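Student: My questions are about this predicted structure, shown below with the sequence.
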There are 2 protein chains.
Amino acid sequence: MARPKEFDPDHVLDAAMNAFWSRGYAATSAQNLVDSTGLGRGSLYNAFSSKHRLFQEALTRYGEERTARQEALLEGPGTVRERIRELLMTVVEEESRTDDPDDPGPRGCLAVNAAVELAGLDAEITAQVRRIFERMAEALRAALARAQRDGEIDPGRDPQALALFVLNSMYGLRVLGKTADRRALAGIVDTTLSVL
Amino acid sequence: MARPKEFDPDHVLDAAMNAFWSRGYAATSAQNLVDSTGLGRGSLYNAFSSKHRLFQEALTRYGEERTARQEALLEGPGTVRERIRELLMTVVEEESRTDDPDDPGPRGCLAVNAAVELAGLDAEITAQVRRIFERMAEALRAALARAQRDGEIDPGRDPQALALFVLNSMYGLRVLGKTADRRALAGIVDTTLSVL
DNA sequence: CCCATTCTTGACTCATCGTTCCAGAACCTG
DNA sequence: CAGGTTCTGGAACGATGAGTCAAGAATGGG
């Protein structure tokens, strides 16, 4: 009934997501998005209406992907402590700066970046970020509650409080990762885990 | 010998600092800076050369002020645990969102905001941020080492590692503060302090 | 009290911003 | 294979970005 799209919307969203992830929202121009997605301006605006909406869709996609992956990681085999250590060490690896001077450095977490850049300035995006944060907190809470049932962790502790504590450490790593080296970050992971 | 400046550079820097703090670097326009400082465009550029340099000077001023205040807080009376609790609870208060819908929400920490927005894209600012982070870590390390000498904390622990852990929690609060409420943040502070 | 110097004001430059528009191409249904 | 519809590529739009500049005003040393 009409001409079909020539692009895969998910690929385009991935490309846009990477552009926003590397530069941030404000510093990513429509031209950058045209270049990185390969679409023409018309197609891009026809499909996504505006830079703002494109960012929202990219952030949603990021949130789905990430939280799903991290939920799977937490539900994997081994003790919950081991699972949480792996979760945090994945962040450490992602944030570790290399010695290559051409390396643009770690990109952090798109949701954290969006929170810092846009929370308070953009209610919609703030709400999206909150949903992502809450979903991650819930995944951690469930894992910790499981550890309590299994006798791995003191059942007297508040699993929700512990979950927020771990999440807080994780987001701290996203910030300190901008300047700290891998050893320092790994030490923080050790100290964080000593609470559990 | 020449016409004297009609403005106080420190006041102007404070005004610019607040503008950048509220909106971020990229989203703060030269016009915003003209409006918030009250200077004419010419005077602003004559005194600070460029938006980038103005940001650097504002960030430097922020770093001096903040680290000095936090060093003083850590060196104050009482146990080091109490001092660190007060430091973290100050952050919690700063980041606590009110129920007022007109409240633009917490602004976070300018150094953390700069790290997230600009690290990897701007080597000079990344270096400045690193200096601020390291100075805060050192202040914490000194306080923790003092607590060890005083028998308040197990002298077997690595004070540098503990300092980075506390700093990491603090920067995590700057992120989670964008969406979490005061109770959640206060709980994170409690859990963080349970390590010491 | 004049002159070299620096500061102030705001109009101006020109590049780039996000977005719109349009002419042609591609498709599906009938 | 005609007609209705949507997609494509890129030119064009008005607005705004960062930064410049020129003309006048304020200063203090000679």
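Tutor: Received the coordinates, thanks. The shown structure was predicted, so the numbers you read here are calculated from the model rather than taken from an experiment. Residues are numbered from 1 along each chain as shown, chains lettered A, B, ... in the order given.
Student: what residues does chain A put near DNA strand C?
Tutor: A:1-4, A:28-32, A:41-42, A:45, A:49-52 (C-beta under 7 Å from any atom of the strand). Yep, even glycine has a C-beta here, placed from its N, CA and C like the rest.
Student: Any idea how many residues pack against residue A:196?
Tutor: By other C-beta atoms under 10 Å in any protein chain shown, 18 other residues sit near residue A:196.
Student: Which helix or strand contains it?
Tutor: Under DSSP states H and E, no helix or strand contains residue A:196.
Student: Can you pull up the most central residue in chain A?
Tutor: By C-alpha atoms, centre = their mean, chain A has its centre lying nearest to residue A:109, at 3.9 Å.
Student: Just the buried ones from the residues of chain A next to DNA strand C?
Tutor: A:28, A:32, A:45, A:51 (16 or more other C-beta atoms under 10 Å in any protein chain shown).
Student: And these, which is closest to chain B?
Tutor: residue A:28 (9.4 Å; C-beta to the nearest C-beta).
Student: phi, psi of the closest one?
Tutor: Here is the backbone geometry of residue A:28 (degrees, to the nearest 10): phi -90, psi 120.
Student: likewise residue A:4?
Tutor: Backbone dihedrals for residue A:4, given as degrees, to the nearest 10, come out at phi -80, psi 150.
Student: about what we covered before: which members of the residues of chain A next to DNA strand C are positioned in strands?
Tutor: Within the residues of chain A next to DNA strand C, no residue falls in strands by DSSP state E.
Student: Out of those residues, which comes closest to residue A:20?
Tutor: residue A:28 (5.3 Å; C-beta to C-beta).
Student: could you measure that closest one against DNA strand D, distance?
Tutor: For residue A:28, the distance to DNA strand D (C-beta to the nearest atom of the strand, to the nearest Å) stands at 14 Å.
Student: So among the residues of chain A next to DNA strand C, where is pLDDT lowest?
Tutor: Ranked by pLDDT, those bottom out at residue A:1 (74).
Student: quick one: that residue from residue A:47, how far?
Tutor: Per C-beta to C-beta, to the nearest Å, residue A:1 is found 17 Å from residue A:47.
Student: and chain A, which of its residues are near DNA strand D?
Tutor: Near DNA strand D, when you scan chain A using C-beta under 7 Å from any atom of the strand, you find A:1-7, A:39-43, A:45-47.
Student: Output the longest helix belonging to chain A.
Tutor: Using DSSP state H to define each element, chain A has its longest helix at helix A:123-149.
Student: Name the next helix or strand downstream of that helix, please.
Tutor: helix A:159-176.
Student: Run a quick neighbour tally on the nearest residue to residue A:12 once chain neighbours are set aside.
Tutor: Nearest non-adjacent residue to residue A:12, counting by C-beta to C-beta, 6 or more residues apart in numbering or on different chains: residue A:37, 4.7 Å away. Neighbour count of residue A:37, defined by other C-beta under 10 Å: 22.
Student: And the closest residue to DNA strand D within chain A, how far from residue A:34?
Tutor: Proximity of chain A to DNA strand D (C-beta to the nearest atom of the strand) peaks at residue A:42, 2.1 Å away. According to C-beta to C-beta, residue A:42 and residue A:34 sit 10 Å apart.
Student: Over to residue A:140?
Tutor: When residue A:140 is compared with residue A:34 (using C-beta to C-beta), they lie 39 Å apart.
Student: Tell me where chain A is predicted with low confidence.
Tutor: A:99, A:101 (pLDDT under 70).
Student: 80 instead, please
Tutor: A:1, A:3, A:5, A:97-104 (pLDDT under 80).
Student: Nearest residue to residue A:162 in space, please, no chain neighbours.
Tutor: Nearest non-adjacent residue to residue A:162 (C-beta to C-beta, 6+ apart): residue A:144, at 5.1 Å.
Student: For the one you found, give me its contacts.
Tutor: Listed by C-beta atoms under 8 Å, 6 or more residues apart in numbering or on different chains, the contact partners of residue A:144 are A:80, A:153, A:157, A:159, A:162-163, A:166, A:196.
Student: ok, of those, which come out buried?
Tutor: Buried among these (16+ other C-beta under 10 Å): A:80, A:153, A:157, A:159, A:162-163, A:166, A:196.
Student: isn't residue A:61 right up against residue A:9?
Tutor: No: here residue A:61 does not reach residue A:9: they are 9.7 Å apart, not a contact under C-beta atoms under 8 Å.
Student: Between these two, which is the more surrounded one?
Tutor: Higher neighbour count among residue A:61 and residue A:9: residue A:61, with 17 against 12, using other C-beta under 10 Å.
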